[in-house]
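Trainee: predicted model and sequence follow; I will ask about them next.
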Amino acid sequence: MHLRTLLLTLFLLLPGLVAANGPLTIAAASDLRFALDDIIEEYEREHPDDAVRVTYGSSGRMTTQIMNGAPYDVFFSADIAYPQKLRAEGHAVTEPEVYAIGRIVLWSNRMDASEMTLEDLLRDDIRRVAIASPTHAPYGVRAMEALKSVGIWEDLQPKIVNGDNIAQTARMIQAGGAEIGIIALSLAEFPDLAEHPHHLIDDALHEPLTQGFIITRRGEDNATAHRFADYMNGDTARDIMRRYGFVMPGEELPDDATR
């Protein structure tokens, strides 16, 4: 009888033990697609017993998924407002922490974006301009704000096409769905895209892309989640983030320039 009770207790505890020690699942804004992949590679090399799985998408959609019980342990958002919302509504066990400031750029693989301004998007030879959806993608919101700041948002409406997230927006331009668009600097710095020059958009034209992360309620007892969160504050992760154009918390934004 005692043996049966012990086995039943172990059976009931096992799901919790597996969750606490299983693979780390991350939901991440798509502007991190290349930088975070590099960080995870270094992290797993230094922590060979830890397995990390990441899903990329729009911050707004992932916030909704987490609120509906999606199995993510850590959430990296392109707008800290989303982690703040999750924390306020009881879906996070840590306070939202800033991990980077993002930037937006004009980018094209068909024309020299480095020689262009936002106002040039109204030119007759440009038929489609891609931005991420302002409905749920922070980079789309910042693109919209910049276009409104220079007074061309309304006139540009017939040309605008939306990607679901910023990575999809970049792919849309690459595939010819738009001649040019506004994408994340972190994507424009990836080697495949960096061979085409971009124009860094003045950050005074839009609200800051203050990016933040939290450990979700699901990740509370996952030791790997806490180790990875600490790792993001270390030199290796920060150096990789800088390489992709992110500004680290407490550091000054670089001068706006054409690259």
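Mentor: Nice, thanks for sending it over.

Trainee: please make it C-alpha for all contacts and neighbour counts, starting now.
Mentor: Will do.

Trainee: alpha carbons only: can I get the helix or strand harbouring Ala27 in PDB?
Mentor: Here Ala27 sits within strand 24-29, counting by DSSP states H and E. Extracted in PDB, the C-alpha atoms of strand 24-29 (Å, rounded to 0.1, in the frame of the first residue of the first chain):
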ATOM      1  CA  LEU A  24      13.400  26.400 -22.500                       C
ATOM      2  CA  THR A  25      10.700  27.800 -24.800                       C
ATOM      3  CA  ILE A  26      11.100  31.400 -25.900                       C
ATOM      4  CA  ALA A  27       8.700  33.700 -27.700                       C
ATOM      5  CA  ALA A  28      10.600  36.500 -29.400                       C
ATOM      6  CA  ALA A  29       9.900  39.500 -31.600                       C
END
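
Trainee: ok, then the element right after that strand?
Mentor: In N-to-C order, the element after strand 24-29 by DSSP H and E is helix 33-46.

Trainee: that older thread, what sits up against the strand holding Ala27?
Mentor: 50-59, 62, 71-78, 222, 224-225 (C-alpha atoms under 8 Å, 6 or more residues apart in numbering).

Trainee: mind checking which of those are in helices?
Mentor: Ser59, Met62, Thr224, Ala225 (DSSP state H).

Trainee: so how far is Pro23 from the second one?
Mentor: The span separating Met62 from Pro23 equals 19 Å under the rule C-alpha to C-alpha, to the nearest Å.

Trainee: in the sheet, who's paired with the most centrally placed residue in the chain?
Mentor: Central residue of the chain (C-alpha atoms, centre = their mean): Ala29, 2.5 Å from the mean position. Beta-bridge pairing of Ala29 under DSSP bridges involves Gly57.

Trainee: about what we covered before: which two among the ones in helices among the contacts of strand 24-29 are spaced furthest apart?
Mentor: Spatial extent of the ones in helices among the contacts of strand 24-29 (C-alpha to C-alpha) is set by the pair Ser59 and Thr224 at 22.1 Å.

Trainee: those two - which one has more neighbours?
Mentor: It is Ser59, of Ser59 and Thr224, that has more neighbours when counted by other C-alpha atoms under 10 Å, with 28 against 22.

Trainee: quick check, pLDDT for Tyr56.
Mentor: For Tyr56, the pLDDT comes out at 97.

Trainee: list the contacts of it.
Mentor: With C-alpha under 8 Å, 6+ apart, Tyr56 has these contacts: Ala27, Ala28, Ala29, Ser30, Leu32, Arg33.

Trainee: could those residues be laid out in a markdown table, adding distance to Asp120?
Mentor: Shown next, in a markdown table, are the contacts of Tyr56 (distance: C-alpha to C-alpha, whole Å):
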| residue | distance to Asp120 |
| --- | --- |
| Ala27 | 36 |
| Ala28 | 32 |
| Ala29 | 29 |
| Ser30 | 27 |
| Leu32 | 28 |
| Arg33 | 29 |
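
Trainee: just the buried ones among those, please.
Mentor: Ala27, Ala28, Ala29, Ser30, Leu32, Arg33 (16 or more other C-alpha atoms under 10 Å).

Trainee: and which of the residues you listed is nearest to His91?
Mentor: The nearest one, if we look at the buried ones among the contacts of Tyr56 relative to His91 and count by C-alpha to C-alpha, is Ala27, at 13.7 Å.

Trainee: next, the spatially closest residue to Glu42 that is not a sequence neighbour: secondary structure please.
Mentor: Excluding its sequence neighbours, the residue lying closest to Glu42 (C-alpha to C-alpha, 6 or more residues apart in numbering) is Thr236, at 8.0 Å. Recorded secondary structure, Thr236: helix (DSSP: H, G, I helix; E, B strand; the rest coil).

Trainee: neighbours of Thr236, just the number please.
Mentor: 13.

Trainee: ok so, going back, now a ChimeraX select for only the buried ones of the contacts of strand 24-29.
Mentor: Entered in ChimeraX, the line below selects the buried ones among the contacts of strand 24-29, by 16+ other C-alpha under 10 Å:
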select :50,52,54,56,57,58,59,62,71,72,73,74,75,76,77,78,222,224,225
